[in-house]
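Enquirer: No letters, just coordinates:
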């Protein structure tokens, strides 16, 4: 619900108070404008905004939103046929669970094989990531690809679930310890790069390149996908696994499961 109040003087000055209210809880936010301070209606037009602080909000009239507005304008100017074609590429399947048909098993399998197999020992000197566990290696490889990957690598975005799982437990609970370690390693690489030490960034880059190199010759077992998820869920408690519902607990049978 929106309400508007305007006051206009004989000299042509004006003031406006616009109120937006959440119908479900009655919370309101008021936007105040004054003619003396408004230089543009699309760039910081408000003299004051009043309302209960509920964290960050989407504000396209903020000066810092210039890049976002430019991006929207570029999308509007784009050929509709091309935009429709691109949008179709990012439509997610209607089912909630992650299925083997949703991912490129060759890509996912080669990355998991690099992270978890004995080959990792052969790559340690190359990657300069000694002491980093295989589960974190798996996450780093996927996160690095999200940051720097080319468009052709995003044809199966569901694959990136295997970096840190999902808060609803699909395909497996979020491994909090791995999540934190991944962030720490990436933060360290950025901080070191600021002073000219790019070894850590190069190591993470080489990790992804190594996985992509293995991908060329890798032949996945199409029946291994469910085993990978089962293994992640069974070992989730080791990495502080959590969902919005509960913490992960050790399974009754803590048997080892093979990957790809």
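Expert: Sure thing, it's come through. This structure is a prediction, so every number in the text was calculated from the model and none was measured. Numbering: from 1, shown residues only.
Enquirer: CA atoms for contacts and neighbours, from now on please.
Expert: Noted.
Enquirer: In the stretch 1-150 of the chain, what residue spans correspond to strands?
Expert: Using DSSP state E, counting those that start in this stretch, the strands of the stretch 1-150 of the chain run over residues 2-8, 14-21, 28-34, 48-50.
Enquirer: swap that for the stretch 151-260 of the chain, please
Expert: Under DSSP E, counting those that start in this stretch, the stretch 151-260 of the chain gives strands at 174-175, 241-242.
Enquirer: chain center to the last one: distance?
Expert: The reference is to strand 241-242. 18 Å (Cα atoms, centre = their mean, to the nearest Å).
Enquirer: Give me the mean pLDDT for it.
Expert: When pLDDT is averaged over strand 241-242, the result is 94.
Enquirer: what does it contact?
Expert: For strand 241-242, contacts defined as Cα atoms under 8 Å, 6 or more residues apart in numbering pick out 167, 169, 173-177, 247-248.
Enquirer: By neighbour count, which of those wins?
Expert: Counting neighbours by other Cα atoms under 10 Å, residue 174 leads the contacts of strand 241-242 with 30 neighbours.
Enquirer: so what's that one up against?
Expert: 164-167, 236, 240-243.
Enquirer: do residue 163 as well
Expert: Residue 163 sits in contact with 138-140, 142-143, where contact means Cα under 8 Å, 6+ apart.
Enquirer: could you list every residue that touches residue 251?
Expert: If you count contacts by Cα under 8 Å, 6+ apart, residue 251 has them with residue 234.
Enquirer: in the stretch 1-150 of the chain, what spans have low per-residue confidence?
Expert: 1-4, 54-58, 72, 76, 80, 83-84, 86-96, 116-131, 150 (pLDDT under 70).
Enquirer: At which residues are the helices of it located?
Expert: For the stretch 1-150 of the chain, applying DSSP state H, counting those that start in this stretch gives helices covering 66-77, 80-89, 105-116, 119-127, 134-148.
Enquirer: Any buried residues in the longest one, and which?
Expert: Okay, so that is helix 134-148. 134-145 (16 or more other Cα atoms under 10 Å).
Enquirer: report the angle between the axes of it and helix 105-116?
Expert: 130 degrees (axes from the mean of the first three to the mean of the last three Cα atoms, to 10 degrees).
Enquirer: could the strands of the stretch 1-150 of the chain go into JSON lines alongside distance to residue 67 and mean neighbour count?
Expert: Putting those into JSON lines (distance: least, Cα to Cα, whole Å; neighbours: other Cα atoms under 10 Å) gives the following:
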{"stretch": "strand 2-8", "distance to residue 67": "28", "mean neighbour count": "11"}
{"stretch": "strand 14-21", "distance to residue 67": "26", "mean neighbour count": "16"}
{"stretch": "strand 28-34", "distance to residue 67": "23", "mean neighbour count": "17"}
{"stretch": "strand 48-50", "distance to residue 67": "23", "mean neighbour count": "12"}
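Enquirer: Make a markdown table out of these and add distance to residue 203.
Expert: Formatted as a markdown table, the strands of the stretch 1-150 of the chain follow (distance: least, Cα to Cα, whole Å):
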| stretch | distance to residue 203 |
| --- | --- |
| strand 2-8 | 54 |
| strand 14-21 | 50 |
| strand 28-34 | 48 |
| strand 48-50 | 47 |
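Enquirer: quick one: which of those strands is nearest residue 196?
Expert: strand 48-50 (43.1 Å; Cα to Cα).
Enquirer: and the closest one, what does it pack onto?
Expert: strand 28-34 (3 or more Cα pairs under 8 Å, 6 or more residues apart in numbering; DSSP states H and E).
Enquirer: what's the angle from the strand it packs on to strand 14-21?
Expert: With the same axes, to 10 degrees as the basis, strand 28-34 and strand 14-21 are set at 170 degrees to each other.
Enquirer: So in that sheet, which strands flank strand 28-34, and in what orientation?
Expert: If you go by DSSP bridges, strand 28-34 pairs up with strand 14-21 (antiparallel), strand 48-50 (antiparallel).
Enquirer: what sits up against that strand?
Expert: 13-22, 45-52.
Enquirer: List the residues that contact the closest residue to residue 8 other than its chain neighbours.
Expert: Once flanking residues are discounted, residue 8 sits nearest to residue 14: 4.3 Å by Cα to Cα, 6 or more residues apart in numbering. Residue 14 makes contacts with 6-8, 34-35, as judged by Cα under 8 Å, 6+ apart.
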